[in-house]
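Q: Provided below are the primary sequence and the corresponding predicted coordinates.
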Amino acid sequence: MAKIKKKGTTGQAKNFITRTQAVRKLQISLPDFRRLCIYKGIYPREPRNKKKASKTSTPSTTFYYTKDIQYLLHEPILHKFRDHKALAKKIARSLGRGEVGDAARLEKTGRPRISLDHVIKERYPTFVDALRDLDDALSLLFLFANLPSTQTVPPKTIALCQRLCSEFQHYLIITHSLRKSFISIKGIYYQATIQGQDILWLVPHKFVQKVTGDVDFRIMGTFVDFYTTLLGFVNYRLYTSIGLVYPPKFNVNSDEKGGELDAFKLESSGIEAIASIEGQANGHVDSKQEAGQTNGHVGSEQEKGQEVEQSDAQRHADEIGRLIAADPNDDRDDQIMQDEAPTDIIDEFVVQGEGADVLDQPRQSDSEAGTLFAPYSFFLSRETPRQPLEFILRAFGCKRVSWDEVLGDGAFTHDEFDPSITHQVVDRPPVIQDESIQDETATEGDHMESDAVSKPARSGRMPGRTYIQPQWIWDCINQGKLLRADLYAPGATLPPHLSPWVKPTKNTYDPTVPLADQENSEEEEVEAEGLVDDDDDPAQVGLDEDMDSINDHGMDVAGAAESEDLSVDEEFGGFASDEAPDEGAAVEEDDDRTDYQRELEAEAAGLPYTIVGSAAAAASSSSKGGVAKKAARKRQEDEEELERRKIMMPKKKRKLYEKMAYSNKGKDEEARKLRGKRRRLEKV
Amino acid sequence: MAPQDATKKRKAITRDSSAADEIVLSDGGGDLEAVFLEGSVSQSEDDGSRLSISHVFAFDEEESDDLDESEESEEQFGTDEVPSDPEQEKVNGTGLNGSAGSISKLAWADEDSEQPPNHIVTEDANGNPRYIYQDIDPIYASDDSEAPETTNTIGNIPLSFYDSYPHIGYDINGKKIARPAKGEALDALLDSIDIPKGWTGLTDPNTGKPLELSEQELNLLKRIQMNEVGEEGYDPYPATIEYFTSKTESMPLSAAPEPKRRFVPSKHEAKRVMKIVKAIREGRILPYKPPQEDDEEDLSVQHYDIWANEAPRPDHAMNVPAPKVPPPGYDESYHPPPEYLPDKKEKTAWEEADDDDRQKEYLPTDHSSLRKVPGYDKFTKEKFERCLDLYLAPRIRRSKLNIDPESLLPKLPSPDELRPFPTTCATIFRGHGGRVRSLAVDPSGIWLASGGDDGTIRVWELLTGRQLWHVKISSEDAINVVRWRPGTDAVILSAAVGEDLYFVIPPIISPELESRSNTLLDEGFGYASSKPRSDSTAKIPAVQWSRPTSTRLADAGVLLKTRLRSTIKVISWHRRGNYLTTVSPSGQTSSVMIHTLSKHLTQQPFRHLKGLPQSAQFHPTKPIFFVATQRTIRTYDLSKQELLKIVQPGARWISSFDVHPLGDNLIVGSYDKRLLWHDLDLSVRPYKTLRYHKKAIRQVKFHTGGLPLFADASDDGSLQIFHGRVVGDLMENATIVPVKVLKGHGVMGSLGVLDVDWHPREPWCVSAGADGTCRLWT
């Protein structure tokens, strides 16, 4: 006979360990344990059966996987924690003895440095793993890069976060891996695809972040420690993979002048990559040359156009053509593109992606992203957010982004009237401000040494330049093509800005599709009849219908016999719905009998038949509700059929089904509400 | 430097003129010199840099010439000193041995040759030289004209003469000389001024207050004045503690001579020192340097390609990666489509709700342009919560069923294919004053009998709902069951009221049928009269069959009555119509009885029955008897008188059951809302469990007329009609399809439909409700 197995030696009882046990086993304090967990990425588990995992567990007990904890026992960081504890004791002793100098020295020199390299290698055995987990890291680091420095958030950390984030952005700009972006009320979402991994992160709007008291910055600091290390290594790998030197040179001067992205100077480790990098330098070299040129800007523009990747120049031309058809102001672009279109040169600038070819991204989208804004140069007015726009424009191939001087250093030109600018991003109301713009430009023009050829027109606008609101850029990149600029002209009411990540699924509301396409037939019919007030709950639609038809009966006296029957039937369904909702289904069988049946039902419901009958008679003439009633009957039949099928389900499946049905119902409700709102809006 | 020092010392000695001072000074100076010279001697190799202690004495101008001269003087002090410089004089080192150093002689003779010394040197009491100065001879010319004159001109008279005057005499001009202040007056004045102890009259530059010395400081000053060491209680000459004896033992413990190593420098130490020296030269040991403030070094991690040789790790079952934050939806946009904006009601609801109750943490808002978008004030909080989720939230893998719920629903044949079955209520039979407990359709399918709480049995015309006949049997007991006798040869209605079982022939039938029925009922009387003769001696029969006592009942058609021991709840006839069984659950051993109508005989088949019997029935074709207890259904072979099978439906409390007309299948209804289908050939466990009623199932019934239908009646006021086709083929299972839910009965006092029965041929069923009506469903 086999040996009797002891309880609690295998399975869940062994697999899980409570937090208290874990802390005791590791012999560290709880805060240290938490830090360790954050570094090592160890998280509590929910055992399948809590009672099996621990007999004494309460609902709030947290469990860890025993092997995780076992694994922590050999962790070098753990030793560092112990060292730190010993040091803290020494410092406390020195302070107790009044040896402040000693304490200061100990604190300065003896603090054990925690290095997280091994943790990163452990947690992310492959680079792709690290990329997969970059969402949270980027979101948090971008937040910290925008935080004000406080006691808990030292400026050093902030500077580090800013540096890492900018480096990452530079990589995206070079490789054109940014795919989508979305302005939400929380901040700006970006999505990049690196090595086939979609990375989505959120950058807050440039405002001072409100920090409430319930935010513990020590915990976030621990995360930031880890994420900075991670992003550092990721950046290194990304940079080296495209043949760049990491870290890039950081120009403190430029940074102080608000250069931001421009403060970094990328260097290639090889010779081949130089060209591509030069191209990225926001057109600085070219801009200087161009500043000297006075009238030959069109020529230089053409050169520029040739420099740009030509692979889908034709496509661009077409687009631009369409664009121009919509916006006749934009004739200069037209000219450029027409010049460009017939030149069918094999481009030698494919090198741009040479280093990046390691990444197995779809090349097409890569090049698409790289060329969306390539032929244009942008000017950002001073009221527009520079950082996101600069980043997006450059990531989508725009070589020359310029902005007003107040927005900081690093622009290709600060001259608003530079003739090479094709698009200007404006975010201010046009009509009233027109005057002020004009004044402003006039004064600016006085100060300007640059000999801008074309003076702005009276409206304060440069002729031949496209003026757009910032949303145009976002909508363009999300749709992967240039949209009509007139919809986004300054002062125009913008089309709604839609999230690019919402996948249209069945039974959900899609704002991009016309209402008629996604309405239920029933809803549509109800709508068509125009009987139902939109505010009403549709569950009551049927009843309201009845009431309405009763009220309306005087209007159309001539009613068909069958409609009478139907309406009568419906009438009953309405009144005696509680007791006998099923009866309506069997109308066709036998009219007399059903009538009788209805009478019985009404009686069961406690209504005198005479009233019902009279109501039915009163409603008989109305034919309006016929369609709706048919629909209602159909619904009832469906319901009955469903009930019938549910009878045959085992309990387990039925529970599951009901759960799913419940959640689906919530979604449907949501979609229905949205449709209702839209219908009302459209009516208005 | 050492010799220079020495001269200084000497000069110091020569400077003073007073003998006593000179002694003191020479004492100290000799001591010091001795010490320093010792030092300079021992350290002669290293440049004598140590001898930097300077003894600064102030030299008078006049004495500077003495200095030069003294350098030339050949003075011999001590003997055993090392001459540091040949032309320098020897320095007395007598202080070495601890005795007070004394200058044996001083030669001044050769210095001022023109002036003889004005003093003589003698020996004082202690043997020290004593200088006795001669009186100075005043030379008249030397008198200073400006010297003050004697001021008082009173001459040589005692001053006491002036005691009573305020002056003490007159000066040369005749002015009174005031009496100088005397001791008492000064003392009085000083006493009148209260000077605090430690008063200095200075101002503390630090505090700006008058500087006052504390007791300690005063003591310190006092000690310094006394030429003592400032520290209190410091003993400059402590007694020597001899750690190693200075005495040589006459009988030492070890007679070994002092080893050489005690005298020569340690080679080992030299080696170790050389090692360190070498290391320093080679740069292996760096002199300590305080670490610089390298801030950028502090944070920068050395970056390298950490994934240089990456190897993918297979995913572990216990690895639960954190779920990603879902991407934003349309309503999070800064400029969403207008339908996503909340209306006023939603807005207030959102604002009033608690933070935790909100479905979304933000309220969709529309901003007409990007510059109007404000900062999101919960950003930090959200990120913090995400951090908390990442390391604090327990994770579990949940397999999410991403299927269409429709696929879970079983495929059922359309009810239209399974017609006919009852769908609507065709007739309502009203008349009972109270719950209708039981009903039965007669074998011909014309009449319906019902019995209820009001104690009446009523017979209705089935199709029209017209009441044909009724009889009130009891005023207190309810009619529990009514059942027709099977077979069309006679019309006999059996009814159970309390403990009584009645047999009724309703007077609605043709006379010959009535007479045939009468004979059937009366047949047993003969048997009963003959039977007891043989048996009466042995035992009084438990059950008496008799005519009802009241003539009213007899007139109404109630012809036979028998009384059992406990309340009868179920009557079930054998198909031949000769036997019937009654079940009275509270009757213990006599709960199940089998009656033989033709013999007016009542048998008690079970001596002892496990569990409380709920229902009983005969097999439709075989001599098999089913008895349902609370949990199980037992089948007995009547001919062999043995237990065949125990069917276990698994229900908690069986309410009723019915046997399929073919006899191989069973349906069971239970008070715990279940309807169970048993295939007797298959298993003792149910083949299908249907649990759909919301309340208990009271009655289940198969259609007996050849249609594959069965129905159940439940307390929730509904009837369910099922299509249950049984195929003769053993390999094929029965198909059970629900076809219709019939609702219409009201629920009274948590009771709904109490009984159901089928029409013998048509797909009609009749139900009895607690609302006092019967309904015909067609």
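A: Looks like it arrived, so ask away. Here the structure is a predicted model, which means the values were calculated and not measured. Residues are numbered from 1 along each chain as shown, chains lettered A, B, ... in the order given.

Q: switch to C-alpha atoms for all contacts and neighbour counts from now on
A: Noted.

Q: and A:Ala224, that one's in a helix?
A: Small correction: residue A:224 is Val, not Ala. Yes. Under DSSP: H, G, I helix; E, B strand; the rest coil, A:Val224 sits within a helix.

Q: Okay, and the closest residue to it other than its chain neighbours sits in which element?
A: Counting by CA to CA, 6 or more residues apart in numbering or on different chains, A:Val224 lies nearest to A:Leu141, which is 6.7 Å off, once chain neighbours are set aside. In this assignment (DSSP states H and E), A:Leu141 forms part of helix A:134-145.

Q: Rounded mean pLDDT for that helix, please.
A: Per-residue pLDDT over helix A:134-145 has a mean of 94.

Q: got it, and stretch B:122-140?
A: Averaging pLDDT along stretch B:122-140 yields 78.

Q: Alpha carbons of it, in CSV - could you do that?
A: Extracted in CSV, the C-alpha atoms of stretch B:122-140 (Å, rounded to 0.1, in the frame of the first residue of the first chain):
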residue,chain,number,x,y,z
THR,B,122,77.8,86.4,48.9
GLU,B,123,76.3,83.1,49.8
ASP,B,124,72.9,83.2,51.3
ALA,B,125,71.4,80.8,53.8
ASN,B,126,70.7,78.2,51.1
GLY,B,127,74.1,78.4,49.7
ASN,B,128,72.9,80.4,46.7
PRO,B,129,74.7,83.5,45.6
ARG,B,130,73.3,86.6,47.1
TYR,B,131,73.9,90.0,45.6
ILE,B,132,74.2,92.9,47.9
TYR,B,133,74.0,96.2,46.1
GLN,B,134,75.7,99.2,47.4
ASP,B,135,73.9,102.4,47.9
ILE,B,136,73.8,104.7,45.0
ASP,B,137,75.9,107.7,45.5
PRO,B,138,73.8,110.7,44.3
ILE,B,139,75.8,113.2,42.5
TYR,B,140,74.4,116.7,42.8
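
Q: Kindly calculate the angle that the next helix or strand after the helix holding A:Leu141 makes with helix A:134-145.
A: Tracing the chain C-terminally past helix A:134-145 and defining elements by DSSP H and E, one meets helix A:155-175 next. Between helix A:155-175 and helix A:134-145, the angle comes out at 130 degrees (axes from the mean of the first three to the mean of the last three CA atoms, to 10 degrees).

Q: about what we covered before: for the helix holding A:Leu141, which outside residues touch it?
A: A:157-162, A:165, A:199-204, A:224, A:227-228, A:231, B:324, B:380, B:383 (CA atoms under 8 Å, 6 or more residues apart in numbering or on different chains).

Q: and the end-to-end length of stretch B:588-607?
A: 9 Å (CA to CA, to the nearest Å).

Q: what number of residues lie near the residue of the stretch 101-250 of chain B found nearest chain A?
A: The nearest approach of the stretch 101-250 of chain B to chain A comes at B:Glu231, 24.3 Å away (CA to the nearest CA). When neighbours are counted by other CA atoms under 10 Å in any protein chain shown, B:Glu231 registers 11.

Q: ranges for the strands of the stretch 601-750 of chain B?
A: Using DSSP state E, counting those that start in this stretch, the strands of the stretch 601-750 of chain B run over B:601-603, B:613-618, B:624-629, B:633-637, B:642-647, B:654-659, B:665-670, B:674-679, B:688-691, B:697-702, B:709-714, B:718-725, B:735-743.

Q: Looking at the ones you listed, which is nearest to B:Arg284?
A: Between B:Arg284 and the strands of the stretch 601-750 of chain B, the tightest spacing by CA to CA is seen for strand B:688-691, at 88.0 Å.

Q: Could the C-alpha coordinates of stretch A:503-519 be exported in CSV?
A: The C-alpha coordinates for stretch A:503-519 follow below in CSV (Å, rounded to 0.1, in the frame of the first residue of the first chain):
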residue,chain,number,x,y,z
LYS,A,503,-11.5,48.6,-33.3
PRO,A,504,-15.0,48.5,-34.6
THR,A,505,-16.7,45.5,-33.2
LYS,A,506,-20.1,44.1,-33.5
ASN,A,507,-22.8,45.8,-31.6
THR,A,508,-20.7,48.7,-30.6
TYR,A,509,-21.3,52.2,-31.7
ASP,A,510,-18.9,53.6,-34.3
PRO,A,511,-19.0,57.4,-34.7
THR,A,512,-17.3,57.2,-38.1
VAL,A,513,-20.2,55.2,-39.7
PRO,A,514,-23.4,56.9,-40.6
LEU,A,515,-26.1,56.3,-38.1
ALA,A,516,-28.4,54.6,-40.5
ASP,A,517,-25.9,51.8,-41.1
GLN,A,518,-25.6,50.7,-37.5
GLU,A,519,-29.0,51.1,-36.2
